[in-house]
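# structure of the sequence below:
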Amino acid sequence: MLVVADNNPRRHIRHAYVNWAIMLACVAIYLLHPPLDSFAFTPSHLHLVGGQKAPGGAPEVLMTMISYIFLHGTALHLAGNMLALWVFGDNIEDSMGHWRYAVFFILCGMAGAGGEALFSTAPEVPVIGASGAISGVMGAYLLLHPRARVLVLVAFRVPVLVPAGVFVGLSVALDLTAALSPAMPGSVSIAFWAHVGGFAAGALLIPLMRWRDVPLFQPATAYPEGGFLGLGRFAIDLGSDSSPMGSKVLFWVKALLFFLMITIGVEWLLA
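Residues are numbered from 1 along each chain as shown. Predicted structure coming up:
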């Protein structure tokens, strides 16, 4: 599943300058090809069980807990993270303002590094990527806009509109399942605990850092038919109130089964 748009309006800021700056920084750093080993975060340096100490001590650990956020190993890794940040980040910046959003993003990334350090089964493997910080953004989005519909491409082909609560909730559930199942293919190469740690930090921080007039669990906004990059009129809408699914309970069950079926099918094909 690939999220591509949300069409959720901003109410407090005109432009999400910080979110764009973070995205541009990640792209620029990727194009510059810095030495990843020098700026990646090594979980064992913060591993409470005891592990190899960082050569530079605590300052190096603190520096890499921030610098690793802006590093990406491949163009696909970068593109996936930047797309998710483009969809969800502007509304979180809108909820708290520019400078608080910058602090929020860094704190979520550091929480992701801490989660990987505490629970990783391979703490000696360096970690890079903005996924932990972006998971924090998604955790905040879940508490602010759970009913906002987001456009996702199922199997990277089929446009589907779903409530953000379904997409984010299932993403976190799959990350947690993968984190608790180290034998899963690819589980060592992906820092799932960084995702879980970032998500937890975002969900905990948003009630404290949002502006006072920004409520939690906001209702869905009415979207124009041609929204979502013009794909709204062609997408399968799983969040429509006119959907003939009966009760709300039946809708959530159907949405859950739909996404689990698609996800399992895609993972099986890619395995």
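# quick check: Pro43 touching Gly115?
No - assessed by C-beta atoms under 8 Å, Pro43 is found out of contact with Gly115, at 9.2 Å. Glycine gets a C-beta too; all of them are placed from N, C-alpha and C.
# in the stretch 1-150 of the chain, what residue spans correspond to helices?
Taking DSSP state H, counting those that start in this stretch as the criterion, the stretch 1-150 of the chain carries its helices at 17-32, 36-39, 57-67, 75-96, 98-119, 131-144.
# any chance of those in CSV, plus mean neighbour count, mean pLDDT and distance to Met1?
Formatted as CSV, the helices of the stretch 1-150 of the chain follow (neighbours: other C-beta atoms under 10 Å; pLDDT from 0 to 100; distance: least, C-beta to C-beta, whole Å):
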stretch, mean neighbour count, mean pLDDT, distance to Met1
helix 17-32, 16, 97, 21
helix 36-39, 13, 87, 28
helix 57-67, 16, 90, 29
helix 75-96, 21, 96, 11
helix 98-119, 22, 96, 21
helix 131-144, 28, 97, 13
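# which one of those helices lies nearest to Ala201?
helix 98-119 (3.4 Å; C-beta to C-beta).
# what's the closest one packed up against?
helix 17-32, helix 57-67, helix 75-96, helix 131-144, helix 192-209 (3 or more C-beta pairs under 8 Å, 6 or more residues apart in numbering; DSSP states H and E).
# any idea of the angle it forms with helix 192-209?
Interaxial angle of helix 98-119 relative to helix 192-209 (axes from the mean of the first three to the mean of the last three C-alpha atoms, to 10 degrees): 140 degrees.
# hmm, Val150 and Gly165 touching each other?
No - contact between Gly165 and Val150 fails when scored by C-beta under 8 Å: they sit 9.7 Å apart.
# coming back round to it: closest one to Met110 among the helices and strands packed on helix 98-119?
Smallest distance to Met110 across these (C-beta to C-beta): 4.8 Å, for helix 57-67.
# what angle do the closest one and helix 131-144 make?
60 degrees.
# which strands or helices does helix 57-67 pack on?
Packing contacts for helix 57-67, counted by 3+ C-beta pairs under 8 Å, 6+ apart, involve helix 36-39, helix 98-119.
# ok, the residue nearest the centre of the chain to Pro35 distance?
Geometric centre of the chain, nearest residue: Ser135, 3.1 Å, by C-alpha atoms, centre = their mean. Going from Ser135 to Pro35 by C-beta to C-beta, to the nearest Å gives 26 Å.
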